[in-house]
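> Here is a sequence together with a model predicted from it:
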Amino acid sequence: MRLLILAVWALASLYSVENSFAESIAGALIDTTSTTIEIYKRTQTEKEQWARQKTELVKQKNILLNDMEDMTSTKAELESLIAKTKVAIEELEKKARVESQDKPMDEIEVLLGNLIDRIEAHSSAGLPMLMEERNARIALLRALLDDSQIGIAEKYRRTMEAVLIEVEYARTVEVYQQTIEVTGDRLTANVLRIGSAALFYQSPDGQKVGRYSGPGRGWEPLPAKFAADIGRAMEVARHQRAAEIIDLPVGRVVR
C-alpha cells in the first residue's frame, strides 16, 4: 500500500513538474514570438523607409545624370561641328593654294573677325568676370587673325576654342581673387562666380560680402546675415565641402 501511495505521489509530482515546465516553455515561446513580431514590424518599417529613401536618391541621381548627359551632348556637338568645319577649311585652304586664289581665305577671315567681334560684345555685355583673362584672349585672337604666317585652319581652331571657353563659363562655378570697387572704395576680395548668372564677393576676413547688381549699380554690399551662406557656397565651389542647397540673394534683398 505504501509503495502504491509513493508511486502515485511520484507520478503526481512528475506531472506537476512537467506541467510547470510546459507552462514555462509556452510562456517563453509567447515572449519570443511577441519579440519576433515586434522586431519584424520594426524591420519592415525600416525597410519601407530605406525603400522610399532609395527611390528618392535614384530619382535625384537620374536627374543629375540626365543633366550631365545634356551638357556632355551639347559640348560634344560643338566639338564635332568644330572638327568638321576645321577639315572643310583645311581642304578649302589647300584648294586655294593650288589655284592661287586668296578670295576664299579673305572671306573666311572676315567671318572669323565678325565672330571675334561677337565674342567681345558678349564679354562686355555680361558679368564683369575674369575680364583680364577674357580681354587678353580676344587681343590674341585679333593678333592671330592679322598674322599672315598662320594658316586659316589654325585661326579657326583658336577662335572656336574661345567660343567653347565662353560657353563653358555658363556651366561652371569658381572662386578667384579680384580687386573691385564697392561704394567708391577699392577692395581686393574673393569673388564667387556662379555660371554666367551671378557674382558675389567676400572680403579676406569673411566679414564683408556683396554682389554684382548690374552695369548701372556695380558692386553693392549685402547685409552681414548673408556672410555665412556666401562663405559656404565658396567652400563648395573650391571643393572644400560637399555640394548642398544654399540660398543666395539673387533678387531683391530684404534688409
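It's in. As the structure is a computational prediction, the values presented were derived from the model and not from experiment.
> name the element Arg193 belongs to?
Element membership for Arg193 (DSSP states H and E) is strand 185-194.
> What of Asp117?
For Asp117, the host element (DSSP H and E) is helix 103-125.
> What's the first helix or strand after that helix?
Downstream of helix 103-125, the next assigned helix or strand under DSSP H and E is helix 131-146.
> for that following helix, which positions count as buried?
Neighbour counts using 16 or more other Cβ atoms under 10 Å place 134, 137-138, 141, 144-145 of helix 131-146 among the buried residues. All C-beta atoms are positioned from the backbone trio N, CA, C, and that covers glycine.
> low pLDDT regions in the stretch 101-250 of the chain?
101-105 (pLDDT under 70).
> follow-up on the earlier one: export the buried residues of helix 131-146 to TSV and tack on distance to Gly195?
Below are those laid out as TSV (distance: Cβ to Cβ, whole Å):
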residue	distance to Gly195
Arg134	15
Arg137	19
Ile138	20
Leu141	23
Leu144	28
Leu145	29
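> thinking Ala170 is in contact with Ser196, fair?
Yes. In this structure, Ala170 is within contact of Ser196 by Cβ atoms under 8 Å, at 4.5 Å.
> Comparing the two, which residue is more hemmed in?
Ser196 (17 against 12; other Cβ atoms under 10 Å).
> buried sites along stretch 220-240?
Buried, per 16+ other Cβ under 10 Å, within stretch 220-240: 222, 226-227, 229-230, 233-234, 236-237.
> ends of that stretch, how far apart?
26 Å (Cα to Cα, to the nearest Å).
> before we move on, which element is the residue lying closest to Ala243 once chain neighbours are set aside in?
Residue nearest to Ala243 in three dimensions, not counting chain neighbours: Val236, with 5.6 Å by Cβ to Cβ, 6 or more residues apart in numbering. Using DSSP H and E, Val236 falls within helix 227-237.
> contacts for that helix?
Helix 227-237 is contacted by residues 173-175, 190, 192, 194, 200, 202, 206-209, 222, 241-244, 246-248 when judged by Cβ atoms under 8 Å, 6 or more residues apart in numbering.
> Strand 185-194 and that helix, what's the angle between them?
Between helix 227-237 and strand 185-194, the angle formed by their directions is 50 degrees, by axes from the mean of the first three to the mean of the last three Cα atoms, to 10 degrees.
> when you give positions from now on, start the count at 618
Renumbered: residue one is now 618, and that last one reads helix 844-854.
> As CSV, could you dump the C-alpha coordinates of helix 844-854?
C-alpha atoms of helix 844-854 as CSV (Å, rounded to 0.1, in the frame of the first residue of the first chain):
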residue,chain,number,x,y,z
ALA,A,844,28.1,86.1,-45.0
ALA,A,845,27.7,82.5,-43.8
ASP,A,846,25.8,81.3,-46.9
ILE,A,847,28.2,83.0,-49.3
GLY,A,848,31.1,81.6,-47.4
ARG,A,849,29.6,78.1,-47.6
ALA,A,850,29.0,78.5,-51.3
MET,A,851,32.6,79.4,-51.8
GLU,A,852,33.7,76.3,-50.0
VAL,A,853,31.5,74.2,-52.2
ALA,A,854,33.0,75.9,-55.3
